[in-house]
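In: next comes the sequence, and after it the predicted model I'd like to discuss.
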Number of protein chains: 2
Amino acid sequence: VDDHVRPRRVVIVGGGFAGLFAARALRNRPVQVTLVDRAEHHLFQPMLYQCATGILSEGQIATPLRYILRHDDNVDCVLAEVTGFDVAARKVIATRPLGDRMELPYDDLIVAAGAVQSYFGHDEFATMAPGMKTLTDALTIRRRVFGAFEIAETATDPAERRRWLTFVVVGAGPTGVELAGQIRELATRTLRDEYHRADVADARVLLFEGAECPLASFGPKLSAKAARALDRLGVELFMRSIVTDIDAQGVEVRGPGGSVTRHEAGTVLWTAGVQAPPLAHTLARQTGAEQDRAGRIRVAPDCTIPGHPEISVVGDLMALDHLPGLAEVAMQSGRYAALRIRRDMEGRKVGPFRYRDFGSAAYLSRGRAVVSFGPVRLNGFPAWCLWIAIHIAFLTGFRNRFGALLSWLLTIGWAVRRERALTARQIAAACRRHPSATPEPSGAGGRRNTGRPS
Amino acid sequence: VDDHVRPRRVVIVGGGFAGLFAARALRNRPVQVTLVDRAEHHLFQPMLYQCATGILSEGQIATPLRYILRHDDNVDCVLAEVTGFDVAARKVIATRPLGDRMELPYDDLIVAAGAVQSYFGHDEFATMAPGMKTLTDALTIRRRVFGAFEIAETATDPAERRRWLTFVVVGAGPTGVELAGQIRELATRTLRDEYHRADVADARVLLFEGAECPLASFGPKLSAKAARALDRLGVELFMRSIVTDIDAQGVEVRGPGGSVTRHEAGTVLWTAGVQAPPLAHTLARQTGAEQDRAGRIRVAPDCTIPGHPEISVVGDLMALDHLPGLAEVAMQSGRYAALRIRRDMEGRKVGPFRYRDFGSAAYLSRGRAVVSFGPVRLNGFPAWCLWIAIHIAFLTGFRNRFGALLSWLLTIGWAVRRERALTARQIAAACRRHPSATPEPSGAGGRRNTGRPS
């Protein structure tokens, strides 16, 4: 192959915020980009909980990567599952949907493979308590939550009914807080008139968190506001509480005093932690890169793997300066990796990656949110308006703005949640604690964040 | 039990058009209604093909029965799979989602269990060629169709690529015609710029029909118009052609001359026929009712089973006067069965069921439809406008009007199809010709129809 005629080949693994923003920063440049992901869509993960609770459809938060990049002739999207690398030969190894192996040669590699749910050594919890990282996860949770109300309605044993009207959410970060709040809103507003036998408005939501307070990353003031808002919604908060066991009937929790309590619950949802996907280990082994405790790849200040200037690791998979797993970090680092390649082609250098913190936001309930933005701390209605504005702005590029606004209007005004179609068989598959789908990591992603797309 | 204090109990099996309209006609009457379905939603089956081709979300065509009937305190919705009857003891036997048996006693029974896809004795085709009756079917078809383009894009063998860019639709009734047209529109408008390696705009759609012409029920004039419209769209029409075999690589077809031709195709979709679900046989055995060739229950002119005035059979499951399996027949017969019970409680009789034909409509392509309405035959743009108006009117009661209008606007104006999120694993499950879901009959339903909801 003649390097004078062949454009430089960049392979990007993962179509989450990091991978997509890297691809966008390379559009219409003299490089041949291949964006490979096991999903054909970019998932807007910060609103995944709205898909799980019936407000938004899959299509409203998942936009085809090909569609986003359809005008960029130098970017190829490939739907395949990356299974390994051949770093010496500079190739990515992947599997096509029907099982054939394919190789993607590269000159530059950007690995943005994201994070998967972590059960802190209890992988057996995964089938009992689905996580919240992918669209598949969201649909499983949707079936479990709406299915639990259905099972409660036809239960004849009062204890069985109570159990199915008890929901456990593990982890009080933004996702856990949002999910817990939504389940209470669902029970008290959307569903309360629809069931005649089960008192769905009395559904209990137990939120367990190992730390001292919910939304700890937002600081003590907003954290206290969040705790009050959750309490008003009827969410039962258990702080400094570690879930030690999950079975088909409920959970065991070690509380602040060290004593273990059992809680019967039909539904258990897990939002407690994340870790790097198995692919990180494969990459680390071939490159000699170090992994942190969560399996993330330690990178140099320019986001490359030490000794491998041709490989950048960005987004949730990157361990650098203790940066959090936020969408904004993913976007900025993805864009940075692309910029570094562009500069390199011009024979120039870039300075180290610098993360600009645009703050973060979490939705608490109708009319209530918290927003942390530099020294500014907002809560209540102003924060809620800002939350809506930020998330609509985020969606703009994806043409889903009107659809999401309409769905929100229906939910906020009339408690309508349109996206909740399910069948008895789907409930059986989801609620028997053997979800039909195994956890499937997305390309990348992050938690709630106020950053803007470029 | 004292008949003076206990209200008359009506059990309705199936929440399709027939069952839902029966339940609505009994709202706020002195009867206790139980509506049992294996799905928690009423499916707007005439637009199922739009869900399958990425235009509408599940929630836009599937509205929870509980939500529709939430203000009707005398109607209970039960999510369970009806497995049998005890006609002597007047009980419906059902299975709750997690497998427990439940019994639903009745004074009056309305069976509106709908129809399932018929493969005309070739049940082994079901895994090869999914039908189009339920939401699960539509999602399977969505994954196969969008998945086929993805597989074609990364194919290295030209024959493999051609095969995945060839789609076979069996049956040229409204569903088959609509599906075939949509796949061509998808290829030539929505996806043409998104793929760089596969020439998706050249995707072939082969439509096989045993009869002389497509949309035969619309009469020769509209049928000819439909054939021309399909031809203009690039759909290849094969009339008087019977699919005799389906395998993982394609189909075998017996043409008009009797000779058998093989066509390679990655995707085969089946819309050719319907039959009664197995439940019909159970009912017939216990009541001595006759079944027609498609397994439908022959009823008396008042829609009851002869000798069983307490059991009505309505909708697609009913065999009466050769009435077609249309949504409008289902609605009218369901409403009639409820009216008969109301009259009976007043000691009055009703006349026999009379179907009022409001005509039918089928969507051909952007700006083209056919509408048959009494002696009136419309086609082209006027028919298309009427199609949109009718279907929006239909949706009104379900609050999905704005959402559907927005989705149509995006699809018609900009070829955007938002609902197409999929992953490599979903494609593998759907396209390996072993669909993850077995065909699941809906409560009831029908094909395109211009009737109005009450």
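Out: Good, I have the coordinates.
In: how many residues are close by the closest residue to chain B within the stretch 151-300 of chain A?
Out: Going by C-beta to the nearest C-beta, chain B is nearest to residue A:194 of the stretch 151-300 of chain A, at 3.8 Å. For glycine as for every other residue, the C-beta is placed from the backbone atoms N, C-alpha and C. Residues near residue A:194, counting by other C-beta atoms under 10 Å in any protein chain shown, number 20.
In: against residue B:149, how distant is the closest residue to it other than its chain neighbours?
Out: Nearest residue to residue A:194 in three dimensions, chain neighbours excluded: residue B:66, at 3.8 Å (C-beta to C-beta, 6 or more residues apart in numbering or on different chains). Separation of residue B:66 from residue B:149 (C-beta to C-beta, to the nearest Å): 37 Å.
In: show me which of the two is the more surrounded one.
Out: Taking neighbours as other C-beta under 10 Å, residue B:66 and residue B:149 compare with residue B:149 leading, 27 against 24.
In: quick check: that one touching residue B:164?
Out: Yes: here residue B:149 reaches residue B:164: they are 7.5 Å apart, a contact under C-beta atoms under 8 Å.
In: quickly list what's touching both of the two.
Out: Residues touching both residue B:149 and residue B:164 (C-beta atoms under 8 Å, 6 or more residues apart in numbering or on different chains) are residue B:198.
In: okay, and for the stretch 301-450 of chain A, where does confidence drop off?
Out: Counting by pLDDT under 70, the stretch 301-450 of chain A has low-confidence residues at A:395-400, A:433-450.
In: cutoff 50 now
Out: Within the stretch 301-450 of chain A, the set of residues satisfying pLDDT under 50 comprises A:434-450.
In: now do the helices in it.
Out: A:327-345, A:380-396, A:401-414, A:424-431 (DSSP state H, counting those that start in this stretch).
In: list the buried residues of the first one.
Out: Pointing back at helix A:327-345 there. A:327-338, A:340-341 (16 or more other C-beta atoms under 10 Å in any protein chain shown).
In: please apply the same query to stretch A:94-109.
Out: Buried, per 16+ other C-beta under 10 Å, within stretch A:94-109: A:94-98, A:102, A:104, A:106-109.
In: also stretch A:22-33?
Out: A:22-26, A:29, A:31-33.
In: swap in stretch A:246-258?
Out: Buried, per 16+ other C-beta under 10 Å, within stretch A:246-258: A:246, A:250-251, A:253-254.
In: what does the closest residue to residue A:166 other than its chain neighbours show for phi and psi?
Out: Nearest non-adjacent residue to residue A:166, counting by C-beta to C-beta, 6+ apart: residue A:265, 4.3 Å away. Dihedral angles of residue A:265 (phi, psi; degrees, to the nearest 10) stand at phi -160, psi 140.
In: residue A:265: how many residues sit nearby?
Out: If we define neighbours as other C-beta under 10 Å, then residue A:265 has 24 of them.
In: show me what from the stretch 51-200 of chain A comes close to chain B.
Out: A:54, A:57-60, A:62-64, A:66-67, A:70-71, A:73, A:76-81, A:95-99, A:102, A:134-136, A:146-147, A:150-151, A:153-154, A:191, A:193-197 (C-beta under 8 Å from any C-beta of the partner chain).
In: show the buried residues in those residues.
Out: Here, 16+ other C-beta under 10 Å leaves A:54, A:57-60, A:62-64, A:66-67, A:70, A:76-81, A:95-98, A:102, A:134-136, A:146-147, A:150-151, A:153-154, A:191, A:194-196 buried among these.
In: and those, which of them are in helices?
Out: The helices, defined by DSSP state H, take in A:58-60, A:66-67, A:135-136, A:146-147, A:150-151, A:153-154 from these.
In: nearest to residue B:291, of the residues you listed?
Out: residue A:154 (30.5 Å; C-beta to C-beta).
In: contacts only, for the closest one.
Out: A:197, B:78-80, B:96, B:102.
In: and the strands in the stretch 201-350 of chain A?
Out: A:204-208, A:235-238, A:242-246, A:250-254, A:260-264, A:267-270, A:274-275, A:297-298, A:304-305, A:308-313, A:318-319 (DSSP state E, counting those that start in this stretch).
In: of those strands, which is nearest residue B:300?
Out: Taking C-beta to C-beta, strand A:267-270 is the member of those nearest to residue B:300, at 47.2 Å.
In: the closest one pairs with which strands, and in what direction?
Out: Using DSSP bridges, strand A:267-270 pairs in its sheet with strand A:166-170 (parallel).
In: and for the nearest residue to residue A:221 once chain neighbours are set aside, the neighbour number?
Out: On the basis of C-beta to C-beta, 6+ apart, the spatially nearest residue to residue A:221 that is not a chain neighbour turns out to be residue A:377, at 5.5 Å. Residue A:377 is flanked by 17 other residues according to other C-beta under 10 Å.
In: on that earlier part again, among the buried residues of stretch A:94-109, which one lies nearest to residue B:270?
Out: residue A:98 (21.2 Å).
In: who's in contact with the closest one?
Out: Contacts of residue A:98 by C-beta under 8 Å, 6+ apart are B:151, B:427-428, B:431-432.
In: which residues touch residue A:100?
Out: Contacts of residue A:100 (C-beta under 8 Å, 6+ apart): none.
In: pretty sure residue A:317 contacts residue A:82?
Out: No: using C-beta under 8 Å, residue A:317 makes no contact with residue A:82, being 12.0 Å away.
In: can you list residues touching both of these two?
Out: In contact with both residue A:317 and residue A:82: residue A:113, using C-beta under 8 Å, 6+ apart.
In: neighbour count for those two, which is higher?
Out: Counted by other C-beta under 10 Å, residue A:317 and residue A:82 do not tie: residue A:317 has more neighbours, with 31 against 25.
In: from residue A:91, how far out is that one?
Out: 19 Å.
In: same check on residue A:259?
Out: From residue A:259 to residue A:91 the distance is 54 Å (C-beta to C-beta).
In: of those two, who's got more company?
Out: residue A:91 (17 against 8).
In: name the SS class of the closest residue in space to residue A:315 that isn't next to it in sequence, please.
Out: Nearest non-adjacent residue to residue A:315, counting by C-beta to C-beta, 6+ apart: residue A:18, 2.9 Å away. Here residue A:18 is helix, with the state taken from DSSP: H, G, I helix; E, B strand; the rest coil.
In: from what I can see residue A:18 touches residue A:113, true?
Out: No: when contacts are counted by C-beta under 8 Å, residue A:18 is not listed as touching residue A:113 (9.0 Å).
In: who has more neighbours, those two?
Out: For residue A:18 versus residue A:113, neighbours defined as other C-beta under 10 Å are more numerous around residue A:18 (38 against 30).
In: put the alpha carbons of stretch A:351-364 into CSV.
Out: Output of stretch A:351-364 as CSV, limited to C-alpha atoms (Å, rounded to 0.1, in the frame of the first residue of the first chain):
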residue,chain,number,x,y,z
GLY,A,351,-1.1,20.5,24.8
PRO,A,352,-2.4,18.0,27.4
PHE,A,353,-6.1,17.4,27.6
ARG,A,354,-7.9,19.9,29.9
TYR,A,355,-11.4,19.1,31.0
ARG,A,356,-13.7,22.2,31.3
ASP,A,357,-16.3,21.5,33.9
PHE,A,358,-19.7,22.8,32.7
GLY,A,359,-21.4,21.4,35.8
SER,A,360,-24.1,18.8,36.3
ALA,A,361,-27.8,18.5,36.7
ALA,A,362,-30.3,15.9,38.1
TYR,A,363,-34.0,15.6,37.7
LEU,A,364,-35.8,15.0,41.1
